[in-house]
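>>> Could you work out the structure for the sequence below:
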Amino acid sequence: MTPYIIAPSINAADFAHIADEVVACEAAGADWFHVDVMDGHFVPTITIGPLFTESLKRVVNLPLDVHLMISEPEKHIEDFARAGANNITVHVETCENLPRIVERIKSLGCTAGVTLNPATPASALDSALPLVDLVLVMSVVPGYSGQKFMPEMIAKVEEIRTKLNALRSPAHLEVDGGMNAETIPLMKKAGANAFVTGNAAFKHPQGSGAGVKMLKAIINS
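Have a look, this model is predicted:
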């Protein structure tokens, strides 16, 4: 089994103190940083772009796991690769030819991820599954932080884990949405090995470092 991974989502951080926040997470044992990019079109919220990603890369040593919740991602993947993304994940709903975009991401020197909205069936990923390095399951409707975990996504994780095992794929199976001390064990049991966490890390009463340490202890228990 691939090692378990905690990926704090920087969108939940205090942007006025972002450098201090991410350094604390890294020191506490975070494995990746998850960078949610939203365009106000595919999802209603607008967040950050390549310039922020480039700045973040200068502050941290961990891999940047960039999740493009944007329309026409093929127009922007090169910019994010140049900015320092280590992994770039695209949505099946935004890609007419998912395998081609996966191969394009890899050609830029990044690992490639694919994801889908909660209402989209897991079968929509089938054409790209043999090629990908990561599958991301959204356990909330993308676009807003702080949503409640959708327990019906447990079955989707189980389904995708079965598909990946059948392919003997080493791809990471990641979950994003409502991941905390209660829900991470559920998704771990279902077959996920990477967990995006926002408020559970950055809004911890003792600070983001304490949040990461708490989640790491749970995931490795």
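>>> Can you classify the closest residue to Ala13 other than its chain neighbours by secondary structure?
Residue nearest to Ala13 in three dimensions, not counting chain neighbours: Glu21, with 4.3 Å by C-beta to C-beta, 6 or more residues apart in numbering. In short, each C-beta sits where N, CA and C put it, glycine included. Under DSSP: H, G, I helix; E, B strand; the rest coil, the three-state class of Glu21 is helix.
>>> Name the residues of the longest helix anywhere in the chain that come out as buried.
Longest helix in the chain, counting residues (DSSP state H): helix 153-166. Using 16 or more other C-beta atoms under 10 Å as the test for burial, helix 153-166 gives Met153, Ile154, Lys156, Val157, Glu158, Glu159, Ile160, Arg161, Lys163, Leu164.
>>> about what we covered before: separation between the residue nearest to Ala13 and Ala201?
Plainly put, Glu21 is 9 Å away from Ala201 if you go by C-beta to C-beta, to the nearest Å.
>>> More neighbours: these two, which one.
Higher neighbour count among Glu21 and Ala201: Ala201, with 32 against 22, using other C-beta atoms under 10 Å.
>>> mind listing what that one touches?
Shown in contact with Ala201 (C-beta atoms under 8 Å, 6 or more residues apart in numbering): Ile6, Pro8, Ser9, Ala12, Cys25, Ala30, Ser208, Gly211, Val212, Leu215.
>>> Give the residues shared as contacts by Glu21 and Ala201.
Ser208.
>>> so where is the protein shaky, pLDDT-wise?
By pLDDT under 70, the weakly predicted segments of the chain are 1-2, 144-146.
>>> State the distance from Phe80 to Ala171.
Distance from Phe80 to Ala171, by C-beta to C-beta: 20 Å.
>>> I meant Phe149, not that one.
Phe149 sits 23 Å away from Ala171, taking C-beta to C-beta as the criterion.
>>> More neighbours: which of the two?
It is Ala171, of Phe149 and Ala171, that has more neighbours when counted by other C-beta under 10 Å, with 22 against 19.
>>> Please verify my assumption that the more buried one contacts Asp133.
Yes: here Ala171 reaches Asp133: they are 5.5 Å apart, a contact under C-beta atoms under 8 Å.
>>> All the strands of the protein, residue numbers only.
Remark: strands assigned in the chain by DSSP state E are 5-8, 33-38, 64-69, 87-91, 111-116, 134-138, 172-176, 194-197.
>>> contacts for the fifth one?
Going back to what we said before, that points to strand 111-116. By C-beta under 8 Å, 6+ apart, strand 111-116 touches 65, 67, 86-93, 98, 101-103, 105-106, 122, 124-125, 128-129, 131-138, 172, 174, 176.
>>> Can you list the strands that that strand pairs with?
Applying DSSP bridges, strand 111-116 is found paired with strand 87-91 (parallel), strand 134-138 (parallel).
>>> Check the last one too.
Strands adjacent to strand 194-197 in the sheet, as given by DSSP bridges, are strand 5-8 (parallel), strand 172-176 (parallel).
>>> wait, which of those strands is closest to Pro73?
Counting by C-beta to C-beta, Pro73 lies closest to strand 172-176 out of the strands paired with strand 194-197; the figure is 16.4 Å.
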